[in-house]
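In: When you get a sec, could you give me coordinates for this:
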Amino acid sequence: MIQNLLLTQHVDFPTRTPHILDLVITDGQFVEHIEELAPLSNSDHSVLIIETCLTRWQSQSDVNIGYNYDSGNYDDFRSLLTCDWDYEFKAVNNQVDEI
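Out: Numbers count the residues shown, from 1 in each chain. You can find the predicted model right below:
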């Protein structure tokens with residue numbers, strides 16, 4: 001299934017003998033090296049150090065983006081934010097999931 005989704009599972013050694021329980025799955029080849037260390041304390045799982053090579057792809061359009069904050073219509077923006085917030089949130093009874 002992982003290969004069908006064009007993903008790579010980078011851990012190819014047992015991390016809890018004899019099983020591979022720790023998975024490092026990516027859609028790119030940015031995992032350079034995985035080093036296995038001894039378990040911490042009385043754990044039976046290996047500690048993994050994962051060395052990656054991450055780069056930020058930057059297009060020319062990213063470089064030229066700039067914001068002109070001096071031309072913002074802040075009065076109109078403030079008017080949009082002016083409301084009775086207690087009334088707006090009263091229906092959700094302080095439940096984050098309902099917001």
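
In: Out of the helices and strands in this structure, which is least certain?
Out: Within the chain, judged by mean pLDDT, DSSP states H and E, the helix or strand with the poorest mean is helix 60-63; its value is a mean of 62.

In: And the next helix or strand past it?
Out: Moving toward the C-terminus from helix 60-63, the first helix or strand encountered (DSSP states H and E) is helix 74-81.

In: Now do that following helix: distance to the chain's middle.
Out: Here helix 74-81 shows a centroid-to-chain-centroid distance of 32 Å under the convention C-alpha atoms, centre = their mean, to the nearest Å.

In: Let's see the helix or strand following it as CSV, backbone CA atoms only.
Out: The first helix or strand that comes after helix 74-81 along the chain, using DSSP H and E, is helix 85-90. These are the backbone C-alpha positions of helix 85-90, laid out as CSV (Å, rounded to 0.1, in the frame of the first residue of the first chain):
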residue,chain,number,x,y,z
TRP,A,85,-18.7,39.3,20.6
ASP,A,86,-20.6,38.0,23.6
TYR,A,87,-23.8,37.7,21.5
GLU,A,88,-21.9,36.0,18.6
PHE,A,89,-20.4,33.3,20.8
LYS,A,90,-23.4,32.9,23.1
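
In: end-to-end on stretch 7-23?
Out: Terminal residues of stretch 7-23 are spaced 12 Å apart (C-alpha to C-alpha, to the nearest Å).

In: Which pLDDT does the model give the residue of the chain most remote from its centre?
Out: Computed with C-alpha atoms, centre = their mean, the residue of the chain farthest from its C-alpha average is residue 75, at 35.4 Å. Confidence at residue 75, expressed as pLDDT, is 89.

In: likewise residue 39?
Out: In this prediction, residue 39 carries a pLDDT score of 91.

In: Tell me if I'm right that it and residue 17 touch.
Out: No. Using C-beta atoms under 8 Å, residue 39 is not in contact with residue 17; the gap is 10.3 Å. Where C-beta positions appear, they are placed from N, C-alpha and C, glycine not excepted.

In: And the two? Which one has more around it.
Out: Neighbours per residue, other C-beta atoms under 10 Å: of residue 39 and residue 17, the larger number sits with residue 39, 13 against 10.
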